[in-house]
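S.K.: structure, please.
(one chain, ligands or ions: 2)
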Amino acid sequence: MGKRSEIYRGNIVTSPAMGELTCLEHGFIAVKDGVIEGVWQQLPAGYAGAEVTDFGDGIIIPAFSDLHIHASQYTERGVGMDSLLFDWLNNYTFPQEAGFRDITYAETIYPQVIRELLRHGTMHASFFTTIHYDACDLFFWMLEESGMYAYTGKVNMDMNSPDFLVETTEESLRETDRFIAEHSGGERVKPILTPRFAPTCSEALLKGLAEIGKRRHVGLQTHLVESRAESDWTKELFPAYRTDGDIYERLGFLENGPAIFAHVIFPEDVDIGILKKYGCMTVHCPDATTNITAGIMPVSSLKADGIGISLGSDIGGGHGAGIYRQAGRAVQLSKMKEFYEPEYRRIKFADAFYLATAGGGSVFGDVGQLKEGFRFNALVIGGMEDKGAAHTVPELLERFCYIGDDRNILRRYLDGVLTDPDEVYARLVR
Ligand code: GUN
Ligand code: FE
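M.R.: Ligands and ions are numbered 1, 2, ... in the order given. Okay, the predicted model is just below:
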């Protein structure tokens, strides 16, 4: 016999579709074995007499998804932020990532990454690591232990990379195939192909990776048209392909699992057609694209084209783990874009909250919304009220995204289990 249902009461807010927020004030959620049985204004008669955990005016929301984060860049948060993309990569990122050849460095850093994400309410994420097999393997098993929902990949780099952070094509393919083979079959944590970006991957490497993707049924994550310099350089290096996106389509990466493309700031019509045709997921990383001054993702036009969109912290291009903050920043940047390009349309807070929750959650299955049949991966938010002021529940949630922080996340439920980030960290470093 399964366990009894748990019943929670509070102001329940979820986004079922882009631009929509539903809010049930002082509503009820029943959860059994980590799965939501129902969400109601009144508790159904069948639950009469059941014990209810009442969060009062607390706001119950789905946990966040971060679809683009470099676990290996955790210590770079807030450093070198006055650089542009290529200087930042060469001066900070590549030397720092090289440290992961030493497994003790990975043992020190990676538990902190997981704790930081859970602290900020992120329970589902797609991670880049580095080229180093052992550190990638360690991180994979730490994610498994944490209970997070994740994709994680061994990064590939066989050209245009420094001597201290580069692989041969053969090595890169062999280690990636081994990584996929030894880490498949998990329920919550799954491997994914992770060519860093086209400029650091030879055509032979990309062809080999696509072959692994087809053979082992694994998806792809990479950076796509992140900056003008990147997209121009890619065209120069890959003259046989029309655009960045054309490379991944023609080599056959896009039909084997999720295809997650970070940034997508300068997509051409060819790219748009491809993203749409294969149901790819794009990831908007507002802080990162501001810090490395890449540009602003055209969120509302991608939305109009029916393309999947989510949010990412892009640590360490981005400096903070809070995806809720990226929701606020996505609105801000869309307004800047509208200001400079009057034909562009800004987005609303309800759009951004969808990207932060259901949008990103969609690549993991039944997470990112509070509705029947979905996992109870949820947060309770509180303390956003000002004495003497009367804000609506959606306003309090918007404020959390702009001015709240992890202290306003009062509870975290992962698969229905109350989760303490410090306790997870302690298990990972034991
Ligand atoms: N392009 C290639 N590598 C990176 C990286 O580590 N971060 C970002 N933001 N862009 C990249
Ligand atoms: Fe990135």
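
S.K.: once you drop chain neighbours, what's closest to the residue in the chain positioned nearest to ligand 1?
M.R.: Residue nearest to ligand 1 within the chain (Cβ to the nearest ligand atom): Gly317, separated by 3.4 Å. Just so you know, the C-beta spots here come from the backbone N, C-alpha and C atoms, and that holds for glycine as well. Counting by Cβ to Cβ, 6 or more residues apart in numbering, Gly317 lies nearest to Ala288, which is 3.4 Å off, once chain neighbours are set aside.

S.K.: so the one you found touches Gly318, yeah?
M.R.: Yes: with contacts counted by Cβ atoms under 8 Å, Ala288 reaches Gly318, the gap being 3.9 Å.

S.K.: joint contacts of these two?
M.R.: Gly312 (Cβ atoms under 8 Å, 6 or more residues apart in numbering).

S.K.: right, and the residue of the chain closest to ligand 1 touches Ile292 too?
M.R.: Yes: using Cβ under 8 Å, Gly317 makes contact with Ile292 at a distance of 5.3 Å.

S.K.: what about those two, which has more around it?
M.R.: More neighbours surround Gly317 than the other of Gly317 and Ile292, with 31 against 24 (other Cβ atoms under 10 Å).

S.K.: show me what contacts that one?
M.R.: Counting by Cβ under 8 Å, 6+ apart, Gly317 makes contact with His70, Gln73, Leu85, Trp88, Cys285, Asp287, Ala288, Thr289, Asn291, Ile292.

S.K.: that one and Phe100, how far apart?
M.R.: 17 Å (Cβ to Cβ, to the nearest Å).

S.K.: also Val113?
M.R.: 12 Å.

S.K.: which one's more surrounded, the two?
M.R.: Val113 (27 against 24).

S.K.: secondary structure class for Ile60?
M.R.: Following DSSP: H, G, I helix; E, B strand; the rest coil, the label given to Ile60 is strand.

S.K.: name the nearest residue to it, ignoring sequence neighbours.
M.R.: Nearest non-adjacent residue to Ile60 (Cβ to Cβ, 6+ apart): Gly10, at 4.4 Å.

S.K.: repeat that for Arg242.
M.R.: Val270 (5.1 Å).

S.K.: for that neighbour, grab phi and psi.
M.R.: The phi/psi pair for Val270 (degrees, to the nearest 10) reads phi -60, psi -50.

S.K.: ok, how many other residues are close to the closest residue to Ile403 other than its chain neighbours?
M.R.: In space, and not counting its chain neighbours, Ile403 is closest to Met384: 7.9 Å by Cβ to Cβ, 6+ apart. Neighbours of Met384 under the rule other Cβ under 10 Å: 20.

S.K.: Met384 contacts Gly404, correct?
M.R.: Yes: applying Cβ under 8 Å as the test, Met384 and Gly404 come out as touching, 5.9 Å apart.

S.K.: interface residues of the stretch 251-400 of the chain facing ligand 1?
M.R.: Ala288, Ile292, Asp314, Gly317 (Cβ under 6 Å from any ligand atom).

S.K.: show me which pair in those residues is furthest apart.
M.R.: Ile292 and Asp314 (8.9 Å; Cβ to Cβ).

S.K.: could you say what helices and strands the helix or strand where the residue nearest to Ile60 lies packs with?
M.R.: Assigned by DSSP states H and E, Gly10 falls within strand 6-14. With contacts taken as 3 or more Cβ pairs under 8 Å, 6 or more residues apart in numbering; DSSP states H and E, strand 6-14 sits against strand 22-32, strand 52-62, helix 393-403.

S.K.: beyond the first one, next helix or strand please.
M.R.: It refers to strand 22-32. Toward the C-terminus from strand 22-32 - assigned by DSSP H and E - lies strand 35-40.

S.K.: pLDDT of that following strand, averaged?
M.R.: Mean pLDDT, strand 35-40: 98.

S.K.: tell me what it is packed against?
M.R.: Using 3+ Cβ pairs under 8 Å, 6+ apart, strand 35-40 is in contact with strand 22-32.

S.K.: now with 10 Å, please.
M.R.: If contacts are counted by 3 or more Cβ pairs under 10 Å, 6 or more residues apart in numbering; DSSP states H and E, strand 35-40 sits against strand 6-14, strand 22-32.

S.K.: send the alpha carbons of the last one over as CSV?
M.R.: These are the backbone C-alpha positions of strand 22-32, laid out as CSV (Å, rounded to 0.1, in the frame of the first residue of the first chain):
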residue,chain,number,x,y,z
THR,A,22,-3.2,31.0,-12.8
CYS,A,23,-3.5,31.9,-9.2
LEU,A,24,-5.6,29.9,-6.7
GLU,A,25,-5.7,31.9,-3.4
HIS,A,26,-5.7,29.6,-0.4
GLY,A,27,-6.1,26.6,-2.6
PHE,A,28,-5.2,23.0,-1.9
ILE,A,29,-2.7,20.6,-3.5
ALA,A,30,-2.7,16.9,-2.8
VAL,A,31,0.5,14.9,-3.4
LYS,A,32,1.1,11.2,-3.3
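
S.K.: ok, Cys401 - contacts?
M.R.: Residues near Cys401 by Cβ atoms under 10 Å, 6 or more residues apart in numbering: 322-331, 349, 352-353, 356, 381, 384.

S.K.: try 6 Å this time
M.R.: With contact set as Cβ atoms under 6 Å, 6 or more residues apart in numbering, Cys401 has these partners: Tyr324, Ala327, Gly328.

S.K.: just put those in TSV and tack on neighbour count and pLDDT.
M.R.: Conversion of the contacts of Cys401 to TSV gives the following (neighbours: other Cβ atoms under 10 Å; pLDDT from 0 to 100):
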residue	neighbour count	pLDDT
Tyr324	31	98
Ala327	28	98
Gly328	22	98
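
S.K.: which bits of the stretch 51-200 of the chain sit near ligand 1?
M.R.: His70, Leu89, Thr93, Arg196, Phe197.

S.K.: tally up the residues packed near the third one, please.
M.R.: Residues contacting Thr93 under the criterion other Cβ under 10 Å number 22.

S.K.: show me the strands in the stretch 201-350 of the chain, by range?
M.R.: All strands of the stretch 201-350 of the chain, identified by DSSP state E, counting those that start in this stretch, fall at 220-224, 259-263, 281-284, 308-311.

S.K.: how about those strands in a markdown table, adding distance to Glu167 and mean pLDDT?
M.R.: Written out in a markdown table, the entries for the strands of the stretch 201-350 of the chain read as follows (distance: least, Cβ to Cβ, whole Å; pLDDT from 0 to 100):
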| stretch | distance to Glu167 | mean pLDDT |
| --- | --- | --- |
| strand 220-224 | 16 | 97 |
| strand 259-263 | 21 | 98 |
| strand 281-284 | 25 | 98 |
| strand 308-311 | 29 | 98 |
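
S.K.: need those strands in JSON lines with distance to Thr104, can you?
M.R.: What follows is those, written out as JSON lines (distance: least, Cβ to Cβ, whole Å):
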{"stretch": "strand 220-224", "distance to Thr104": "27"}
{"stretch": "strand 259-263", "distance to Thr104": "29"}
{"stretch": "strand 281-284", "distance to Thr104": "31"}
{"stretch": "strand 308-311", "distance to Thr104": "32"}
